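Colleague: What shape does this take:
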Amino acid sequence: MSIEDLRNALGDAHVLTGDDMAPWCRDWTGNYRWTPLCVVRPADRDGVAAVLRVAHQAGLAVVPVGGNTGLSGGTEAQGAVMLSLDRMNAIREIRPEARLAVVEAGVILSTLHDAAEAQDLSFPMTFGAQGSCTLGGILATNAGGSNVLRYGNTRDLVLGLEVVLADGRVMDLMSELHKDNTGLNLRNLMIGSEGVLGVITAAVLKLVPKPKAYATALVGMADLDDALGLLNRLQAVTAGQVEAFEFMPRRYVEEYARLHPEARLPFEAPQEVTLLIELGATAPRDAAPGPDGQPPIAAYLEEVLGEMLEEETLADAVVAQTESQRRAFWAMREAAAEVCTSRPAIICDVAVPLDKVVDFLGRADVRLASMDPDAAGIVVAHLGDGNVHYSVWTEATGEARNAIMEAVEEEALALGGSFSAEHGIGIAKRPAMARFKDPVALEAMRGIKAAFDPKGILNPGKVIP
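Modeller: This next block holds a predicted model:
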């Protein structure tokens with residue numbers, strides 16, 4: 001195969017080489033750098049299929065890429081054909097009555113947010129990279145984010161998929177059904193497979209009613225011991241309307257303040273624990289302002305916080321009074337990537353049972369101190385679903401860095417957790433897959449990979465050790 005074959009398939013302007021490939025030669029973190037054979041930018045599914053037919057015939061590696069915002073090296077593409085889906089950015093339709101959207105893989109998440117909001121609906125997936133990440137990457141990694149507590153992970157928000165297989169054949173799974181029990185669930189197999197089984201080109205996504213009112217607060221606590229009790233009280237009072245329950249410890253907040261001196265911090269005194277809590281009301285009875293101008297959802301939040309302040313379970317609490325104040329609260333949480341990588345860092349992404357988060361943090365801190373007294377854990381967490389981003393600021397290099405990551409993962413697994421929650425496996429967590437994943441499960445994964453991609457051309461060297 002020559003690059004000329006790809007140019008014949010897509011046109012010269014959409015096959016990039018040399019300096020034109022620069023935006024696709026590194027990941028967001030800068031930890032992974034590479035030089036592809038070329039970068040191809042098809043405009044539609046048929047273009048993707050043409051690329052894969054050419055590559056499959058020649059046995060050339062193909063690495064799909066969307067917004068390239070990943071943290072695990074999943075788009076490393078040395079010597080490979082890098083398949084960018086950025087031109088496939090159409091929202092084909094939004095059907096408000098059915099509460100679904102049909103989108104292409106290159107649609108940026110915030111673009112879908114805006115389109116859904118125009119129909120008084122929401123696609124309830126949100127995280128800091130929403131202005132640059134694409135739906136294809138979200139689907140490929142089964143992304144999580146801040147609203148998993150209420151709406152679930154990506155798999156829970158997908159009805160159908162369109163996938164191009166390694167040999168260029170198209171697998172049409174574009175169902176709009178909520179119930180379809182016709183054989184193996186290939187849709188869910190493709191979601192989270194990180195491009196090693198096929199290239200996702202389009203999807204049918206679930207939409208939900210946009211909350212008519214939000215109640216958002218920052219809460220200060222001396223420690224995390226009573227946080228789960230607060231979450232459960234809020235869920236009971238609101239009948240499950242907690243959208244987000246996010247944890248930021250003191251070190252995180254102080255680093256955010258250092259990076260953003262213009263930001264106004266909510267508490268007069270520093271807090272060891274800061275929780276960002278958001279409730280979302282869709283029912284008019286919970287969202288319509290009362291005589292005091294306050295929606296009932298805000299009253300529910302203030303009632304619970306007031307009770308816990310009286311009990312001295314909480315140290316402080318501030319409820320957002322305006323949309324700008326709410327956005328300022330969220331800006332602190334959504335700066336996580338910037339905060340955690342403001343110094344040389346090992347990025348860890350683990351999950352533990354909800355009632356084991358406090359135990360995990362204590363064990364990880366002790367283990368880290370024994371290995372590298374100069375290191376510091378920099379933590380932020382989706383506390384409502386048990387996903388802890390326990391990253392480590394350290395100057396350690398080489399095997400010392402690997403040992404620290406392994407230690408953090410071991411502490412999560414010791415409590416019944418996982419070494420990967422929402423960032424994907426990519427390259428970074430392949431060693432953990434080899435160390436910790438059930439060997440029978442790995443054997444099954446290799447068999448599935450061989451069935452879908454017998455030549456091993458799709459995103460080789462990722463996910464499966």
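Colleague: I'd like the distance between the residue nearest to the spatial centre of the chain and Gly160.
Modeller: In the chain, the residue lying closest to the centroid (CA atoms, centre = their mean) is Ala143, at 3.6 Å. From Ala143 over to Gly160 the distance is 18 Å, taken as CB to CB, to the nearest Å. Just so you know, the C-beta spots here come from the backbone N, C-alpha and C atoms, and that holds for glycine as well.
Colleague: shouldn't the residue nearest to the centre of the chain be in contact with Asn153?
Modeller: Yes - look at Ala143 against Asn153 with CB atoms under 8 Å: they come within range, at 7.2 Å.
Colleague: which ones are touching the residue nearest to the centre of the chain?
Modeller: Taking CB atoms under 8 Å, 6 or more residues apart in numbering, we find Ala143 in contact with Met125, Phe127, Cys133, Gly137, Asn153, Thr154, Glu422.
Colleague: Lowest pLDDT pick from those residues?
Modeller: pLDDT is lowest at Phe127 among the contacts of Ala143; the value there is 88.
Colleague: Leaving out chain neighbours, which residue sits closest to Ile200?
Modeller: Nearest residue to Ile200 in three dimensions, chain neighbours excluded: Leu139, at 5.0 Å (CB to CB, 6 or more residues apart in numbering).
Colleague: Find the helix or strand that that neighbour is a member of.
Modeller: helix 135-141 (DSSP states H and E).
Colleague: Which elements pack onto the following helix or strand past that helix?
Modeller: Using DSSP H and E, the next helix or strand after helix 135-141 towards the C-terminus is helix 148-151. Helix 148-151 sits against strand 242-249, with contacts defined as 3 or more CB pairs under 8 Å, 6 or more residues apart in numbering; DSSP states H and E.
Colleague: I'd like to check what contacts the helix or strand following the strand it packs on. Which residues are they?
Modeller: Later in the chain than strand 242-249, the nearest helix or strand by DSSP H and E is helix 250-259. For helix 250-259, the external contacting residues (CB under 8 Å, 6+ apart) are 248, 263, 265, 270-274, 332, 335-336, 338-340, 342, 376-380.
Colleague: 10 Å instead?
Modeller: 218, 220, 248, 263-267, 270-274, 331-333, 335-336, 338-340, 342-343, 376-381, 389, 391, 393 (CB atoms under 10 Å, 6 or more residues apart in numbering).
Colleague: Off-centre distance for that helix?
Modeller: Remark: helix 250-259 is offset 22 Å from the chain centroid, using CA atoms, centre = their mean, to the nearest Å.
Colleague: quick check: angle from it to strand 242-249?
Modeller: For helix 250-259 and strand 242-249, the angle between their directions (axes from the mean of the first three to the mean of the last three CA atoms, to 10 degrees) works out to 80 degrees.
Colleague: residue contacts, Lys455?
Modeller: Counting by CB under 10 Å, 6+ apart, Lys455 makes contact with Ala55, His56, Gln57, Ala58, Gly59, Leu60, Ala61, Ala166, Asp167.
Colleague: sorry, back to before: with just CA atoms, put the helix holding Leu139 into CSV.
Modeller: Taking Å, rounded to 0.1, in the frame of the first residue of the first chain, the C-alpha atoms of helix 135-141 are listed here in CSV:
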residue,chain,number,x,y,z
LEU,A,135,-18.5,11.7,20.8
GLY,A,136,-16.3,9.0,19.1
GLY,A,137,-13.7,9.2,21.9
ILE,A,138,-16.4,9.3,24.6
LEU,A,139,-17.9,6.1,23.1
ALA,A,140,-14.6,4.4,22.6
THR,A,141,-13.6,4.9,26.3
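Colleague: buried ones in it?
Modeller: In terms of neighbour count (16 or more other CB atoms under 10 Å), helix 135-141 has its buried residues at Leu135, Gly136, Gly137, Ile138, Leu139, Ala140, Thr141.
Colleague: can I get the residues you listed in CSV with distance to Arg446?
Modeller: Converted to CSV, the buried residues of helix 135-141 look like this (distance: CB to CB, whole Å):
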residue, distance to Arg446
Leu135, 28
Gly136, 24
Gly137, 24
Ile138, 26
Leu139, 22
Ala140, 19
Thr141, 20
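Colleague: for stretch 333-346, which positions count as buried?
Modeller: Arg333, Glu334, Ala335, Ala336, Ala337, Val339, Cys340, Thr341, Ala345, Ile346.
Colleague: So what's the model's average confidence on it?
Modeller: Here the average pLDDT along stretch 333-346 is 94.
Colleague: Can you give me the domain boundaries for this structure?
Modeller: Domain assignment for the chain, taken from automatic domain parsing, gives 3-84, 91-209, 213-333, 343-439.
Colleague: What segments of the stretch 301-450 of the chain are strands?
Modeller: Secondary structure of the stretch 301-450 of the chain (DSSP state E, counting those that start in this stretch): strands at 316-319, 345-346, 350-351, 376-382, 387-393.
Colleague: how far out from the middle of the chain is the first one?
Modeller: In terms of CA atoms, centre = their mean, the centre of strand 316-319 is set 28 Å apart from its chain centre.
Colleague: try stretch 381-391
Modeller: The answer for stretch 381-391 is 12 Å, by CA atoms, centre = their mean.
Colleague: How about stretch 395-403?
Modeller: Centroid separation for stretch 395-403 versus its chain: 25 Å, with CA atoms, centre = their mean.
Colleague: hmm, back to that, can you tell me which of the contacts of Ala143 has the largest number of neighbours?
Modeller: Among these, Gly137 has the most neighbours (other CB atoms under 10 Å), with 28 neighbours.
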